[in-house]
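Peer 1: Okay, here's the prediction I keep looking at, along with the sequence it came from:
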Amino acid sequence: MLLILDRIEDGIAVLTDSDGKIYECPSYCLPDGAHENSALEADITVSGEISELKYAANPNAGLNERRLRELFHKK
């Protein structure tokens, strides 16, 4: 499953899927160098927990952030 790293808060990585569902895991589970808007391929257990994360290609990562910046900078 493709997830996007939204943020890291108090050692917890918060990731979202394309439907906006939120997943959390300890930040130490992230691949080295992961940052906001990193696209990650996740293995999800039957109970909905992340079991593995690795980098994935996603040309749309960060697209919403750019759209919001453009919206608020319009006159």
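Peer 2: Thanks, I have the structure now.
Peer 1: for this protein, what's the longest strand?
Peer 2: Looking across the chain with DSSP state E, the single longest strand is strand 2-9.
Peer 1: Stretch 43-56: end-to-end distance?
Peer 2: 12 Å (C-alpha to C-alpha, to the nearest Å).
Peer 1: ok, which stretches of this protein are strands?
Peer 2: Under the criterion DSSP E, the chain carries strands at the ranges 2-9, 12-16, 22-26, 39-44, 50-55.
Peer 1: Can you say which of those strands is nearest to Gly33?
Peer 2: Closest approach to Gly33 among these (C-beta to C-beta): strand 50-55, 8.6 Å. For glycine as for every other residue, the C-beta is placed from the backbone atoms N, C-alpha and C.
Peer 1: where does the chain have low pLDDT?
Peer 2: 59-69, 71, 74-75 (pLDDT under 70).
Peer 1: Tell me the gap between the longest strand of the chain and the middle of its chain.
Peer 2: How far strand 2-9 lies from its chain's middle: 3 Å, per C-alpha atoms, centre = their mean, to the nearest Å.
Peer 1: contacting residues around it?
Peer 2: Contacting residues not belonging to strand 2-9 are listed as 13-18, 22-23, 27, 30, 34-42, 50, 53, 56, 58, 61 [C-beta atoms under 8 Å, 6 or more residues apart in numbering].
Peer 1: Can you tell me which of the residues you listed are buried?
Peer 2: 13-15, 23, 30, 34, 37-40, 42, 50, 53, 58, 61 (16 or more other C-beta atoms under 10 Å).
Peer 1: so who does the nearest residue to Thr45 once chain neighbours are set aside touch?
Peer 2: Among residues not flanking Thr45 along the chain, Ser51 sits closest, at 5.2 Å (C-beta to C-beta, 6 or more residues apart in numbering). Neighbouring residues of Ser51 by C-beta under 8 Å, 6+ apart: 42-45.
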